[in-house]
Every structure is written in structure tokens, then in C-alpha cells.
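Novice: Fold the following for me, if possible:
(one chain, ligands or ions: 1)
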Amino acid sequence: MSQVVYITESEPSIEPFSQTQPDWIHPNLLQSTDPIKGRQFRVSGLIPKGACLLVDRPYAVIPVVDDPANHDHLICSNPACNRQAPRHSASEPARNRNRTPCPNACIPDVTWCTETCRDADQGRHAFECTWLKRYAAPIRAKWGEYDFGMLWVIVRLLAMRQGQLQHVDIDIRTASSATATEKKWKCGWEGIDSLCGSAETWSHDKVRAWTTLVKKYLQNGPVLPHGMASDQVLHLICQEEANSFGLYPRATGVVPLPYPSVDRGEQFAAAVYPTAAIANHSCLPNITHKPDEQGRMVFTASRDIFAGEECCISYFDLTQHTDLTSRREHLRQSFKFICQCERCVSEEPVEEPTEWSAMPMMGL
Ligand SMILES: C[S@@+](CC[C@H](N)C(=O)[O-])C[C@H]1O[C@@H](n2cnc3c(N)ncnc32)[C@H](O)[C@@H]1O
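Specialist: Numbering: from 1, shown residues only. All right, here's what the predicted structure looks like:
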């Protein structure tokens, strides 16, 4: 990849995303490739039930809440924090108690849990602030909350990438010259760049619609100086669609299903993770996933996992879609693939063999 650094005198400095590995990765966790599903997690030796397999920091995360000004679970915008910033918490020391809004009042969804967090995040936020102020309201009004969220995640991904490019010597370049062990897991922008997703799986109408949005709202220019071509940004949207996680307060993928049924709660954020995104889906997962208090995705073994087995999460709340048709339809609509997990394949109806002897003679 050619290294281009886009820094001008007037550009604020964005703190680099200096992570070179996930925060925790179980030594028995490996990456391999499946001919149908693509990249996957496998294990090289026993991982006992309850063990933590992965703790991965989001590369970009946005809050997803109605009425942010009055919501208790808005997250701190500082990517080094991501903690929920409650409106009031009597138990907190006074200096931590106030949510700190954007000084330019860009949108109420942007807040920091403390002034310290806000000040440390000035450079990154400056990258998105003008864009949010100019486009958030018109995009929400014309295209709706889902499209706005998709575009905002892209803006936050581009802001983080910009931070890495500004610190190219300590980040992207060192990543490409890292030792074989360090290169085992691609982190930061390298990890995002390697995510699956392609516009070839999209209908012409969908490509046209997102191309329009990219040209209208995400063009490289003074409002968003990212230096990428429109088709690269469109590709990033495909990757985001195939790989982003909803963040919920309770674990996803608990099996057997709890009785009485417990769902995973109300979504409060959406995020893209460089390493957690390698996990494929199973309707009988052996891993549960849940964000920790900093929005890091934590994978936990829900049973003993033996050498050679694939590690899978569930992409949806298993309490909501139980039979084969409903599960496959949900995955097809929301995640654009036909589930080939062992449970779905084993539940496929067996086609009755044609009884030729019972057929009338066809004039032979
Ligand atoms: C979040 S990515 C998972 C990692 C991906 N396999 C890769 O190569 O990067 C989601 C994509 O993986 C594939 N996938 C995941 N679970 C699958 C399953 N149960 N059946 C078929 N394809 C699956 C689909 O192509 C899906 O769009």
C-alpha cells in the first residue's frame, strides 16, 4: 500500500491508534480459512468453558440512542475511553459527574464523560465536527437514522485512519515491517482494510444509492480531508455492513437458551472491530460476546472448545429467531449471507428421492 500523509499546518493532530495487537487474545486461538465462509477462528488446543478468548478494542464506535440529551447510556466520544457517560451519578466524584458536550454544539449524540476526555480527544473530534454540524440533520431528515449511522461510522473510521497516517512512522509503517508473530493479527487500519465485504454482492440499485450518498456526503475535501477516492469509500461501506457489531448490555449467543427467556437488551452503540470481525456466525455458537465498560468486545467460551474446532459467535439474539426458516431469513436480510452453520445444515429438510417405479410409463 502506498503511504500518503495528509497533514497541513491547519490540521489538528489526531492521537494515533497505537494498538499493535488486540488487548487480549487466547494463545490457542488461531486464524484460518474456510472455503465457504472465508476467514475464521479455530483453536489449536483446549479452551475451557468460561475462558476469555479475545478482548478487542473498537476502531470506530458511535452511540445509537433515541433522544441522546436525555439518555443515560450515551458513550464517551474519546476512543481511548468509550465508557457510558450517565447524565448524573451521585456516587461519582463531582469532577467526573458532568457530561461534557461539544463546544461547537455539533450534535447532542457527541459527548465526553469528563473534560479531560474531551480535551484529549480534540484532534480526532475536529475531523468529524464540521461534517456532523453540516450534514447530520439533513442526512437524518432525508435518509433516516440507519443511513446516518452508517455514514458516521465511516467518518469515525476515516478519522482514526487519519490519525494513523499522521503518525505513520510509529504505526502503519511499523506494522508492515513487524515480525511474523506481531503480524499474526492485523490491527488498526490494517485490520479494517482486511475486512471482507464487496459491492459485487449488492444489487445495482443499492450500489447506485450508496454511491450517491458517498458523492454527496463523504467526498474527500475541506469538510472531510481523507484523501481516499469515492470507490474506496464505497468499499469501506461494504466492509462496514458485513462486519459491524451492535453493542448491547447483555451477552449475545447464550446457549442453551435461558428459561425464562432473557434477551440481550437495548442496543446503545455500533462499532467496527479489526479482530473480533473474523468470527463467523453459528446458530449453535460456542462463544458468547458482550462489550465491556469501554466498548471492547469480549469473547468467552460457552463450553469446552477442543483442538481443531471453529469458534463462532451468534450475529443475532437467538431468543428472537428460533426455527431454521426464521434464522436463515433474518441472516439473509440483515447480514446478506445464507447461513451454512452446522445446525442449519443439519436441520435442512431432506429431499425425498424421486420414486421412479411409481411414475407412469412415459411412452418409452
Ligand atoms: C463478520 S464477517 C466474518 C469473517 C469473514 N469470514 C472473513 O473472511 O473476514 C461475516 C461474513 O462471513 C461469512 N459468514 C459468517 N458466518 C457464516 C455462516 N454461518 N455461513 C456462511 N457464511 C458465513 C459471510 O460471508 C459474512 O458476510
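Novice: from here on, contacts and neighbour counts on C-alpha atoms
Specialist: OK.
Novice: can you list the residues of the stretch 101-250 of the chain near the ligand?
Specialist: Neighbours of the ligand within the stretch 101-250 of the chain, by C-alpha under 6 Å from any ligand atom: L195, C196, A242, N243.
Novice: farthest pair in those?
Specialist: Farthest apart among those by C-alpha to C-alpha are L195 and A242. That separation is 8.3 Å.
Novice: List only those of the residues of the stretch 101-250 of the chain next to the ligand flagged as buried.
Specialist: Among those, the ones that count as buried by 16 or more other C-alpha atoms under 10 Å are L195, C196, A242, N243.
Novice: mind listing which of the residues you listed are in helices?
Specialist: Judged by DSSP state H, those include A242, N243 as members of helices.
Novice: Would you mind giving the buried ones among the residues of the stretch 101-250 of the chain next to the ligand as a markdown table with pLDDT added?
Specialist: Conversion of these to a markdown table gives the following (pLDDT from 0 to 100):
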| residue | pLDDT |
| --- | --- |
| L195 | 98 |
| C196 | 97 |
| A242 | 96 |
| N243 | 98 |
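Novice: isn't there a strand covering V55?
Specialist: Yes - using DSSP: H, G, I helix; E, B strand; the rest coil, the assignment for V55 is a strand.
Novice: Tell me what it is bridged to.
Specialist: W24, V298 (DSSP bridges).
Novice: Correct me if wrong: it contacts F299.
Specialist: Yes - at 6.6 Å, V55 counts as touching F299 under the criterion of C-alpha atoms under 8 Å.
Novice: higher neighbour count, those two?
Specialist: F299 (28 against 23; other C-alpha atoms under 10 Å).
Novice: Could you find the closest non-adjacent residue to the more buried one?
Specialist: H289 (4.7 Å; C-alpha to C-alpha, 6 or more residues apart in numbering).
Novice: just checking, what packs against the helix or strand harbouring that neighbour?
Specialist: For H289, the host element (DSSP states H and E) is strand 287-291. In terms of contacts (3 or more C-alpha pairs under 8 Å, 6 or more residues apart in numbering; DSSP states H and E), strand 287-291 is packed against strand 297-301, strand 310-313.
Novice: which stretch among those comes nearest the ligand?
Specialist: strand 310-313 (7.9 Å; C-alpha to the nearest ligand atom).
Novice: What is the closest one packed up against?
Specialist: Strand 310-313 packs on strand 38-43, strand 280-281, strand 287-291, going by 3+ C-alpha pairs under 8 Å, 6+ apart.
Novice: what would the helices and strands packed on strand 287-291 look like in JSON lines with mean pLDDT and distance to A279?
Specialist: JSON lines is the format used below for the helices and strands packed on strand 287-291 (pLDDT from 0 to 100; distance: least, C-alpha to C-alpha, whole Å):
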{"stretch": "strand 297-301", "mean pLDDT": "98", "distance to A279": "10"}
{"stretch": "strand 310-313", "mean pLDDT": "98", "distance to A279": "6"}
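Novice: Show me where the stretch 51-200 of the chain has its helices.
Specialist: 115-120, 122-143, 145-166, 172-176, 188-193 (DSSP state H, counting those that start in this stretch).
Novice: Output the second one as PDB - backbone C-alpha positions only.
Specialist: Translated: helix 122-143. The C-alpha coordinates for helix 122-143 follow below in PDB (Å, rounded to 0.1, in the frame of the first residue of the first chain):
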ATOM      1  CA  GLN A 122      -9.900  17.400  20.400                       C
ATOM      2  CA  GLY A 123      -7.900  16.400  17.300                       C
ATOM      3  CA  ARG A 124     -10.000  13.400  16.400                       C
ATOM      4  CA  HIS A 125     -13.300  15.200  17.000                       C
ATOM      5  CA  ALA A 126     -12.200  18.200  14.900                       C
ATOM      6  CA  PHE A 127     -12.100  15.800  12.000                       C
ATOM      7  CA  GLU A 128     -15.800  14.900  12.300                       C
ATOM      8  CA  CYS A 129     -17.200  18.100  13.900                       C
ATOM      9  CA  THR A 130     -17.700  20.200  10.800                       C
ATOM     10  CA  TRP A 131     -19.100  17.200   9.000                       C
ATOM     11  CA  LEU A 132     -21.600  16.500  11.800                       C
ATOM     12  CA  LYS A 133     -22.700  20.100  12.100                       C
ATOM     13  CA  ARG A 134     -23.300  20.400   8.400                       C
ATOM     14  CA  TYR A 135     -24.700  17.100   7.400                       C
ATOM     15  CA  ALA A 136     -26.100  15.200  10.500                       C
ATOM     16  CA  ALA A 137     -29.500  16.900  10.500                       C
ATOM     17  CA  PRO A 138     -30.100  16.800   6.700                       C
ATOM     18  CA  ILE A 139     -29.000  13.200   6.400                       C
ATOM     19  CA  ARG A 140     -31.200  12.100   9.300                       C
ATOM     20  CA  ALA A 141     -34.200  14.000   7.800                       C
ATOM     21  CA  LYS A 142     -33.800  12.800   4.200                       C
ATOM     22  CA  TRP A 143     -32.300   9.300   4.600                       C
END
